[in-house]
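# Sequence first, predicted model second:
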Number of protein chains: 4
Amino acid sequence: MQEPSYGAGLWHFASYVDRYATDGYRDPVGTLECLQMAGRVGSLSAVDLNWPFSPNDLTTTEIRTALEAARLRAVAVTPEIYTRTFARGGFTNPDVSVRAQAIDLVARAAELARDLGCDYVKLWPGQDGVDYPFQADHRELWKYSVDAVRELATAFPDMRFAIEYKPREPRNRMLFSSAAVTLLAIEEIGRDNVGILLDFGHSLYGGESPAEAARLIISRGRLFAIDVNDNLRGWDDDMVVGSVHPLETFEFFHALVDAGWEGIWQLDQFPFREDPVEAARVGVETMRGFHRALERLDWDALRAAQSAQDALAAQRIAKRALYGALAETQDGSP
Amino acid sequence: MQEPSYGAGLWHFASYVDRYATDGYRDPVGTLECLQMAGRVGSLSAVDLNWPFSPNDLTTTEIRTALEAARLRAVAVTPEIYTRTFARGGFTNPDVSVRAQAIDLVARAAELARDLGCDYVKLWPGQDGVDYPFQADHRELWKYSVDAVRELATAFPDMRFAIEYKPREPRNRMLFSSAAVTLLAIEEIGRDNVGILLDFGHSLYGGESPAEAARLIISRGRLFAIDVNDNLRGWDDDMVVGSVHPLETFEFFHALVDAGWEGIWQLDQFPFREDPVEAARVGVETMRGFHRALERLDWDALRAAQSAQDALAAQRIAKRALYGALAETQDGSP
Amino acid sequence: MQEPSYGAGLWHFASYVDRYATDGYRDPVGTLECLQMAGRVGSLSAVDLNWPFSPNDLTTTEIRTALEAARLRAVAVTPEIYTRTFARGGFTNPDVSVRAQAIDLVARAAELARDLGCDYVKLWPGQDGVDYPFQADHRELWKYSVDAVRELATAFPDMRFAIEYKPREPRNRMLFSSAAVTLLAIEEIGRDNVGILLDFGHSLYGGESPAEAARLIISRGRLFAIDVNDNLRGWDDDMVVGSVHPLETFEFFHALVDAGWEGIWQLDQFPFREDPVEAARVGVETMRGFHRALERLDWDALRAAQSAQDALAAQRIAKRALYGALAETQDGSP
Amino acid sequence: MQEPSYGAGLWHFASYVDRYATDGYRDPVGTLECLQMAGRVGSLSAVDLNWPFSPNDLTTTEIRTALEAARLRAVAVTPEIYTRTFARGGFTNPDVSVRAQAIDLVARAAELARDLGCDYVKLWPGQDGVDYPFQADHRELWKYSVDAVRELATAFPDMRFAIEYKPREPRNRMLFSSAAVTLLAIEEIGRDNVGILLDFGHSLYGGESPAEAARLIISRGRLFAIDVNDNLRGWDDDMVVGSVHPLETFEFFHALVDAGWEGIWQLDQFPFREDPVEAARVGVETMRGFHRALERLDWDALRAAQSAQDALAAQRIAKRALYGALAETQDGSP
């Protein structure tokens, strides 16, 4: 097996605000500084760039230079269709002109992504959905969403669009809420260049088995990208990979590798109160542990146990590989 | 608007056991006695019959006579593919002979349903899925499920099969876990006579908006039946309709009627510690309240508010209709 | 029964940010403007003032003038011990000097509260707790918390301190997480002037029955204040009162009035995407509906049904009073 | 450190029913057979006996003989105050005569426990609480519970009573719902011989940090016993120890050993579809892994990291010890 490539959403290195710490958890961090920090991790080779940049007059050349300096490539661009303009919805905003603005922002992101040689544009319409019972006609929101993504996919036939689903936050109920809902929408969109970014944490706290969701999306040829992190199953805590659920995360890695999935193993952690570079290092180190565990794994034995649906046997085989690899990984760490 | 028809799963009137009260919450109640109780409710016109009957040598004639005496018709048969034989799975059992038994049991239920003039056979494979991470190859379980339902739908082209999805229980993770997952499976099954039974409570505690799920299923022409109840959003409590979430239940009724859905408004309550006849009466009374509320509703105003996605306005319009109708309904009750 | 007094946390009228809409859901709103908006609601008589004010050089005189102009009184001051300085904890910060800053900020808030004639200082140490398994020695955090509150209560024997508990957010796990945990801490604090602010939504999404929690706190003489709102049971959504759970909210009001509790009926709503004045009006209107429902309620019948633990009877009695009152309230609204 | 003692609730080896598999997941298993199976595990030294026995005319002598044959001692008796008689409540039943029956059943269990030389009687009043909003006056249920336990503790001053709290199931809301609520009740009970059995899974799915709950209970001198298992955080799945949450389980073990807690490390697993003896072996093997991990742990380094509340450092130290020990444990298994 070839050494996997690791990446991170660039926001991993930014400062955060929330509704309480309105003055931010750190001083604001610009895009170039984030890129430097990503480079300092040492084990990352790709980043997903949220855009507009900060400051927003950074040129593509400046970004390209900073990427090179940090030995990173831009795997994706994530247009921020979830800021104040889009507070009442991006693609699903009741105001047609705001919907047009959302589509336009993504279109410009697609041009940037093309320019930077990215693999895909990530679509995360986090403000699309509802807060209250009775607030909207769900068919209308669905139509708006499907039409918007189709329009974009048609306009950029050479670019891929990866929808990142999530049950909720910031909206109380997001429209693209699960793997299966998103697959149904993609089918209606009817374009080959639309797929899914599966975020492990979104899947977990949405009540899915992430491994099962991955299998389902792959079976339809739509798994364009993944993000990894962890949480306490009640919210999108974006904690460090493997800090709570090592077994289910390993099951997720196993499902992907078993299915022959290839892509960037990418972090979507929010280290609110931790050092971002150190948190990324731990994340990558843990992902390496999972890959080593897959090398140790007795694949035939696992297949037999799974075929017999023998939970105790399957877990024993998985744990033997996992704990050995993680022990080794831990021993190698400072 | 024509007076809606109300129904109930016949198990509403049975005795229950659980892992603690292993001696049952009441004395065992046979099928004929359940039918008598259903008749005593006074406002039910249809029942979904779980089968095999109790005792299991009851003849179809005896059932038909009891149905007539209670002025009920059998809208569906629910084969019990979740008892001990199927503890490790019905359609997804690792043992091919048990899978065959599950299919055979459903086939015989389909014959009974045809014989009784039912609208559909309900499929609720509650033991199909997994308990532990790594326990099974999810693709294999998916294939077993899709193949089994397709086989049945093909064998009984004149009968409809309604899959009732549920996130979990008794399995820790059920395969048919959500509206969207089930729609994807139905698409692969590729038969027109396979659809969905949407249980309000399953949808609610699975994190869906039941109204949104209904819209989605209807948009694909697959909403064959519904069940109504309530819960505390963390489990399938099968409480009396409207006892916790009157607004979301009303939104669900609104979505169905707005979409022109026609069918039986059916209870799936488990009155563990309440009088079953009385609990059913409260359930029907509350459902009548929702239908009256739809008559009071200012549909145009709601449409406008929803189109503007104005939560406060939409809720005001909905509440005005709902509380007036429920107040009237309550005043008429003993 | 005397007309109840209604209040609101002043942040109800502010602008919000979150980790996505970092540019805020509205333009920033200063304290004086918030007070004007609170006044425009028309039915509020009290506000809980978060502090430091915005801008932070507002004088007490300016505040007092604005309060008078809006015909409001300040019932409480809420020191913001959850901003960047306290990101890694206020009372429980690992750094002793930050712990001292938190205590100092509260002390100055207590002086302000005394000056403004408030009933209490609210303590909401939202950053106190942990994010990760193994992160801290829970005994140490507990001791820090208990010592800090005791020090404050001792320093201000004439002022009351109300701890607002919450399961989580912004910390993944807050220390003062439930009614019972907080009562145990208060007992160790050992001062009469320390009590609890029960936020309905915190209680609900924390898995408590808010009515039961209220009874427990009142039984120990520690219910100093309440906040009301609603949510979808998975997070602190701070939605408009009664928009999801009218029955449980009514049960909460019933428990408080039955126990003879007296205080301000206070909103803690976060209308991210709604008009704040209108959202407050709906909140107060709904609370008035609950109070009218208590006048309609057949108290003796409810007592008898509850004594028999007869769920169907108790619900029937409660619903009859509630829906009648809410229907009336709705009819009176525009 | 002395080799820890391992135990299990005897129900681990029984057959289960639930509301779907009403014919049971296995053939019924009598108490003597359960004891034989417990003996076959090989690593258990203690059992908690649910009582009445099956068949219920087994004599104490027969039990004692079977215990000896299996080289087990009875550490506790758990009276079944949650069967049909107590469906509407044991200690909190609205019917005074049923309340008396519950107390009487526990009293007889206490005599049996005394006779068998047990350490404690376990109180798990799983039917005590409510299902519906408005169903009961929570103060009344509280008083019934406190009075019943006080009466028992007073009648058996030489016996210890351990209350096992749980958020819900079979009741939708249990009265003894959390560590803190139970500590408050124990305080009102006012007897030294009443304490708590902390079930790891109950704590986890109740939203507690089990390690934090353990510290709290120990700080009040009330941790009489523990049970261990695992779940998916939404329900009391009673899965095999460490099958989902190895880190939080290890944190729990660490908290107990660090606090000098001594007692039986006891399984409360429900292997519905697994071999009970094998499931118990895996459970004990995993618990041994945790104890070995505590020997490997760098206690001073962890203390320093926790004192600094440094999540990444504390996790690194914990994982290094844990994964090494579990790898070793796994390697030794068949």
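Perfect, thanks for sending it. Numbering: from 1, shown residues only, chains lettered A, B, ... in the order given.

# going forward, measure contacts and count neighbours with C-alpha atoms only.
Fine.

# did I read that right, residue A:237 in a strand?
No: secondary structure of residue A:237 (DSSP: H, G, I helix; E, B strand; the rest coil): coil, not part of a strand.

# Tell me how far the closest residue to it other than its chain neighbours lies from residue A:249.
Counting by Cα to Cα, 6 or more residues apart in numbering or on different chains, residue A:231 is the residue found nearest to residue A:237 once chain neighbours are left out, at 4.8 Å. Going from residue A:231 to residue A:249 by Cα to Cα, to the nearest Å gives 11 Å.

# just checking, the residue nearest to residue A:237 touches residue A:246?
No: using Cα atoms under 8 Å as the test, residue A:231 is too far from residue A:246 to be in contact (11.1 Å).

# SS state for residue A:272?
Strictly by three-state DSSP, residue A:272 counts as coil.

# That one - how many residues pack around it?
Neighbour count for residue A:272, taken as other Cα atoms under 10 Å in any protein chain shown: 25.

# per-residue confidence at it?
Per-residue pLDDT puts residue A:272 at 98.

# shaky segments in the stretch 51-200 of chain A?
Within the stretch 51-200 of chain A, no stretch has pLDDT under 70.

# Just the strands from it, written as ranges.
A:73-79, A:120-123, A:129-130, A:160-164, A:173-174, A:194-199 (DSSP state E, counting those that start in this stretch).

# The following helix or strand past the last one and chain D in contact?
Using DSSP states H and E, the helix or strand that directly follows strand A:194-199 along the chain is helix A:200-205. No: counting by Cα under 8 Å from any Cα of the partner chain, chain D is not contacted by helix A:200-205; separation bottoms out at 10.2 Å.

# near chain D, which residues of the stretch 101-250 of chain A?
A:233, A:243-248.

# Could you rerun that using 10 Å?
Taking Cα under 10 Å from any Cα of the partner chain as the contact definition, the stretch 101-250 of chain A meets chain D at A:207, A:232-234, A:240, A:242-248.

# Give me the pLDDT value at residue A:1.
Looking at residue A:1, the pLDDT reads 56.

# Overlap in contacts, residue A:231 and residue A:249.
Common neighbours of residue A:231 and residue A:249 (criterion: Cα atoms under 10 Å, 6 or more residues apart in numbering or on different chains): A:200-201, A:204, A:241-243.

# So in terms of bridging, what pairs with the nearest residue to residue A:124 once chain neighbours are set aside?
Once flanking residues are discounted, residue A:124 sits nearest to residue A:164: 5.2 Å by Cα to Cα, 6+ apart. Counting by DSSP bridges, residue A:164 is bridged to residue A:197.

# show me the residues around residue A:164 that make contact.
Applying Cα under 10 Å, 6+ apart, the residues near residue A:164 are A:122-126, A:176-179, A:182, A:195-199, A:202, A:224-227.

# Give me the residue at the spatial middle of chain A.
residue A:227 (3.3 Å; Cα atoms, centre = their mean).

# do the helix or strand hosting that residue and chain C meet?
Taking DSSP H and E as the criterion, residue A:227 maps to strand A:223-227. No: judged by Cα under 10 Å from any Cα, strand A:223-227 makes no contact with chain C; its nearest approach is 17.3 Å.

# Pull up the pairing partners for the one helix or strand residue A:48 maps to, direction included.
Assigning secondary structure by DSSP H and E places residue A:48 in strand A:46-51. Partner strands and pairing direction for strand A:46-51 (DSSP bridges) are strand A:6-9 (parallel), strand A:73-79 (parallel).

# Quick one: these as CSV, columns for mean neighbour count too.
Output for the strands paired with strand A:46-51, formatted as CSV (neighbours: other Cα atoms under 10 Å in any protein chain shown):
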stretch, mean neighbour count
strand A:6-9, 24
strand A:73-79, 24
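
# thinking again about what came up before, would you check that the residue nearest to the centre of chain A makes contact with residue A:267?
Yes: the pair residue A:227 / residue A:267 is scored as a contact, 5.4 Å apart, by Cα atoms under 10 Å.

# residues touching residue A:260, list them.
Neighbour list for residue A:260: A:218, A:254 [criterion: Cα under 10 Å, 6+ apart].

# measure residue A:94 to residue A:145 for me?
12 Å.

# do residue A:48 as well
In terms of Cα to Cα, residue A:48 sits 23 Å off from residue A:145.

# Same question for residue A:159.
Residue A:159 is 18 Å from residue A:145, by Cα to Cα.

# which of these two has more neighbours?
residue A:145 (24 against 21).

# and the residue nearest to residue A:296 when sequence neighbours are not counted, what are its phi and psi?
Distances taken as Cα to Cα, 6+ apart put residue A:321 closest to residue A:296, at 5.2 Å, once the chain neighbours are dropped. For residue A:321, the backbone dihedrals are phi -70, psi -40 (criterion: degrees, to the nearest 10).

# Run through the residues that contact residue A:321.
A:289-290, A:292-298, A:315, D:327, D:330-331.
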